[in-house]
Every structure is written in C-alpha cells, then in structure tokens.
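Visitor: Starting from these lines, generate the structure:
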Amino acid sequence: MHTPLAVMVFAWPGLNQFIQDTVGLFAILNPLGNLPIFLGLTREATVRQRRRMFRLATITGASIVACMAIAGQFILDNFFQVSTDELRFGGGLLLIAIGALGIIHPETTRPATIVSADSPEGEGTQNHHALHDTHTRLAISPIASPLLVGPGSIVVVMLIAQQSGPLYALLVAVLCFAAVAVILHWAHWGYKLMGPIGTMAIGRVMHIFIVAIGVHFIFSSIRTVFL
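Guide: Numbering: from 1, shown residues only. From the prediction side, this is the model:
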C-alpha cells in the first residue's frame, strides 16, 4: 500500500528546517514590503507592461540565486578561500546591517500610480522598441537586483547550499520565487488592498526577521568555532 504524499511530506524529519529556510529567504527577498518601490518605479507603465517587467525581474532574480546556490561553494573555495563559518559570520553582520537600515531608514519613492491595462498613459510618444528596452533595463536593474536579490539573499542561499546541499537550496529558492511571482503579478491589487501603511508595516516586520536571521548566523558560527 502506497503512503500518501502529504503524509510523507509532514513526516519528513527536515520539514521544520526547510520551512525556516524558506521563510528566511522569503523575508530577505521581501516582495511585500517592497511593493511601493516596485510600483513607484513602474508607475508610468500599464498593468500589462508592469506584469511583463515583473516576470522578467522574477526570472532574473531566480537565475541569480540559482547560480549562487549551485556555484557559490566553488567560487568561495577557488577564488576567495573563505570558510563556511567565515561566510556565516560575515553574512550575519551584513543581514543585521541590512535589516537595521531598513527599519531605521525606510525606503522612499514617489507614490505608486496604478495605470489601467487599457490606458494610453505610460506609452508616451517613445518608439515602441525604445520603450521595451527601457522596461527591460528597469526590470533587470534595479528591480531584479539589487532590490529583489541583493547581497543578503545571495549570502543566505549560499549558506543554505553549504549546509544542506545545492538541490535543497534550489528547492527553497523555487518555492520563494514562485510566491514572489504570484505577489508581483497581482502587485497593483495587493497595494490597493494593503495600502501604503500596510505595506510599510509588513516591510518593517520583514526587516526585523532579517536582523534575527543575521544574529542566528553569527551565534551559529561562534558556537562552531569556540564550542
């Protein structure tokens, strides 16, 4: 008799750690807290154009994280000669700094403007190909990197890969970016639902989690080295 898949998943001994890793990476990506910034950067685009930009940004960010999950260890060993504990300690300091700055100095941008899919606003008089190139560049930078995928998320996925293997880290990244894709696809509705205050509050809570993850990394490296 075959065991149901759901039972096998919930009986997996590493389920708690997997949930912690997934939530931790998602908190660092912070798509909900960054919604005002993403929408502000794409305020002159239609909903259709914005969704196209967000899809490209999600694919680009996921590709960066996947590459670091697979090749991060090779890069550390062959180019930088950095140990896992050194990376964990330095990454912890970085996450604390990122989280603290996000709490103390919230990101600012011009108010997001929701443009309907049928509105001519955002099209302007630019050539179609030039407008497409502009949207492509904006989706790759700064939306995909460094806003969505920055040093913090890269360090975290490398640490996850070192601890549990690259395939495990890839699975964590896939789940996180699947959630990111859904959130960004419905970004204009999410922003209307939560409003500026709601998105700001979520962003601040996510940065608190980032600080906590950084402290955890530091304590973990200290225990490994000195205990």
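
Visitor: pull the helix or strand with minimum mean pLDDT from this structure.
Guide: Every helix and strand of the chain was ranked by mean pLDDT, DSSP states H and E. The lowest is helix 5-10, at a mean of 49.

Visitor: how far out from the middle of the chain is the following helix or strand past that one?
Guide: On the C-terminal side of helix 5-10, the closest following helix or strand by DSSP states H and E is helix 15-29. Offset of helix 15-29 from its chain centre (CA atoms, centre = their mean, to the nearest Å): 11 Å.

Visitor: average model confidence for helix 15-29?
Guide: When pLDDT is averaged over helix 15-29, the result is 93.

Visitor: That one packs against which elements?
Guide: Packing partners of helix 15-29 (3 or more CB pairs under 8 Å, 6 or more residues apart in numbering; DSSP states H and E): helix 151-164, helix 166-185, helix 187-226. The C-beta positions use only the backbone N, C-alpha and C, and glycine is treated the same way.

Visitor: Now tabulate those helices in CSV and tack on mean pLDDT, mean neighbour count and distance to residue 72.
Guide: Shown next, in CSV, are those (pLDDT from 0 to 100; neighbours: other CB atoms under 10 Å; distance: least, CB to CB, whole Å):
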stretch, mean pLDDT, mean neighbour count, distance to residue 72
helix 151-164, 90, 22, 4
helix 166-185, 96, 19, 8
helix 187-226, 84, 16, 15
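
Visitor: Any idea which of those gets closest to residue 63?
Guide: Among the helices and strands packed on helix 15-29, helix 166-185 comes nearest to residue 63, with 9.6 Å by CB to CB.

Visitor: Show me how far the closest one is from its chain's centre.
Guide: How far helix 166-185 lies from its chain's middle: 9 Å, per CA atoms, centre = their mean.

Visitor: Let me have the helices and strands packed on helix 15-29 in CSV, extended by distance to residue 88.
Guide: Converted to CSV, the helices and strands packed on helix 15-29 look like this (distance: least, CB to CB, whole Å):
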stretch, distance to residue 88
helix 151-164, 6
helix 166-185, 14
helix 187-226, 4
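
Visitor: Mind checking the ones you listed for the one nearest to residue 32?
Guide: Using CB to CB, the nearest of these to residue 32 is helix 187-226, at 4.7 Å.

Visitor: and that closest one with helix 151-164, angle?
Guide: Interaxial angle, helix 187-226 versus helix 151-164 (axes from the mean of the first three to the mean of the last three CA atoms, to 10 degrees): 50 degrees.

Visitor: Now do helix 187-226: which elements does it pack against?
Guide: Contacts defined by 3+ CB pairs under 8 Å, 6+ apart place helix 187-226 against helix 15-29, helix 35-41, helix 47-75, helix 84-104, helix 151-164.

Visitor: let's go with 10 Å and repeat that
Guide: helix 15-29, helix 35-41, helix 47-75, helix 84-104, helix 151-164, helix 166-185 (3 or more CB pairs under 10 Å, 6 or more residues apart in numbering; DSSP states H and E).
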